[in-house]
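K.L.:
pasting the structure only:
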């Protein structure tokens, strides 16, 4: 049984109202869905803006943002390496690129880097299968470049990417011995969806049109087109027959099955940004936007993010955070100065790599989804095996915050206190709401958070105003640590 979204509202632009104000909750919701949460300063800046103008500017800026500079090893083949140090150097290069990508995720406009993560779970490859730092860079470059670009061109580019040619056996697909792996996933997972407007005969002849990308000379080197291996015979797919090649295939696919592609991709974008329960009406409207804009992704993303539907109360906090959303979000919303953890000799940020390993431990390793269908996500992220890990790793981040960033964390708490430095209940509530935009469900839940925050300080210190955030620094740090540990164990904290 397919569930339907309970969210209301249309694709009409969101207009703040008394019942749906442009407030901290909706701003945090926006930043959690396009990235990993927001700092207090980011929230204040957004509060002073018109929401539609603000969101349009975010999307427009993400579209034109420059890509990361190519590393010197971006085209290295295996023979380029000093063979005595290849394993150590290749690993350092992989960490370097992961760290740079994560730096983008922490930025004030993380939309494109977050979408690159989404597309890595759509156009899936696995580093464990292709192994080359140069291929990893070239794969990520395509994800980043087309995250908000033209989906047809995106699909064409990803199919000839070395990481994909290795992972789904395109490099083995020749006129002498066709390999259907990529053809099948191109239709089933990448463009149309399972059993949606294609046949086994289509798959067979699509694989023949994909032949020729077999110019493989050595490990990690460029994979070029080789006409010798291309199947020049007539092929029939989607009702059209001819000596179709790679470009012809994509033209025909998008011409003959454009409706199916538009709905399938808009459904996946809806699931990513809004809810795992589909709204057929909204998805169909988005598909019309997609086709009307010649399969450009930015207009679809913009239409969805500025809509009243996206800001419906039901949508806020209705998805389970992935491990990366959990850990990067906790670091980002605490406003940690991540640049302090950069190690020049190693070429990467130690905090980033620690978060990378923490997420990997509980099921989400960058560049290594579980299989070609990607991480299933949402409720699958939380089970008896992963929940304790989510708590423990969040505890480690909380400990880092209160031991190495004392002035920053106290300043952060003061900023959230909004001048009420003596009001322990107000401070506890505001800190909770900063990390859980949708808030807690009952007054008792806030009371419990306040009790945790008070630790064992005598009640009269709060009653007579003796206690404040300017009180004993070490005690305040213990209070903040206890409250952070309490927050990360709340069910609501696991939601995005």
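P.N.:
It's in. Note that this is a predicted model, so its numbers are computed, not measured. Residues are numbered from 1 along each chain as shown.
K.L.:
can you show me the helices along the stretch 101-250 of the chain?
P.N.:
Using DSSP state H, counting those that start in this stretch, the helices found in the stretch 101-250 of the chain span residues 111-120, 127-130, 133-146, 151-159, 162-167, 181-185, 200-209, 246-256.
K.L.:
out of the ones you listed, nearest to residue 49?
P.N.:
With C-beta to C-beta as the measure, helix 111-120 is the member of those nearest residue 49 (15.9 Å). C-betas here are computed from N, CA, C, even on glycine.
K.L.:
how far is that closest one from where the chain is centred?
P.N.:
Centre-to-centre, helix 111-120 and its host chain are 5 Å apart (C-alpha atoms, centre = their mean, to the nearest Å).
K.L.:
relative to helix 151-159, how tilted is it?
P.N.:
Angle of helix 111-120 versus helix 151-159, following axes from the mean of the first three to the mean of the last three C-alpha atoms, to 10 degrees, is 60 degrees.
K.L.:
from the contact counts, what lies against helix 111-120?
P.N.:
Helices and strands touching helix 111-120, by 3 or more C-beta pairs under 8 Å, 6 or more residues apart in numbering; DSSP states H and E, are helix 51-64, helix 86-105, helix 133-146.
K.L.:
now do the second one, average pLDDT.
P.N.:
So the one you mean is helix 86-105. Helix 86-105 carries an average pLDDT of 97.
K.L.:
CSV for the helices of the stretch 101-250 of the chain, including mean neighbour count, mean pLDDT and distance to residue 16?
P.N.:
Formatted as CSV, these follow (neighbours: other C-beta atoms under 10 Å; pLDDT from 0 to 100; distance: least, C-beta to C-beta, whole Å):
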stretch, mean neighbour count, mean pLDDT, distance to residue 16
helix 111-120, 23, 98, 21
helix 127-130, 16, 97, 44
helix 133-146, 22, 98, 33
helix 151-159, 20, 98, 32
helix 162-167, 25, 98, 44
helix 181-185, 21, 98, 43
helix 200-209, 19, 98, 48
helix 246-256, 17, 98, 38
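K.L.:
of all the helices and strands packed on helix 111-120, which lies closest to residue 360?
P.N.:
When the helices and strands packed on helix 111-120 are compared by C-beta to C-beta, helix 86-105 sits nearest residue 360, at 10.5 Å.
K.L.:
any weak-confidence spans in this structure?
P.N.:
Along the chain, segments meeting pLDDT under 70 span 1-5.
K.L.:
and the strands in it?
P.N.:
Secondary structure of the chain (DSSP state E): strands at 215-216, 223-224, 235-237, 240-242, 342-343, 348-349.
K.L.:
which one of the ones you listed is the most hemmed in?
P.N.:
strand 348-349 (a mean of 24; mean count of other C-beta atoms under 10 Å).
K.L.:
give me the sheet partners of it and which way each runs.
P.N.:
Looking at strand 348-349 with DSSP bridges, its partner strands are strand 342-343 (antiparallel).
K.L.:
what's in contact with stretch 152-166?
P.N.:
Stretch 152-166 has contacts (C-beta atoms under 8 Å, 6 or more residues apart in numbering) with 119, 123, 125, 127, 129-130, 132, 134-136, 138-139, 142, 145-146, 170-171, 182, 186, 190-191, 210, 213, 222-223, 225, 246-247, 250, 254, 294-295, 297.
K.L.:
with stretch 346-363 instead?
P.N.:
When contacts are defined by C-beta under 8 Å, 6+ apart, stretch 346-363 is touched by residues 92, 95-96, 98-100, 102-103, 322-324, 326-328, 331, 336, 338-339, 341-343, 365-366, 368, 370, 375, 381, 385-386, 389-390, 393, 396.
K.L.:
please pick the buried ones from these.
P.N.:
92, 95-96, 98-100, 102-103, 322-324, 326-328, 331, 336, 338, 341, 365-366, 375, 381, 386, 390, 393 (16 or more other C-beta atoms under 10 Å).
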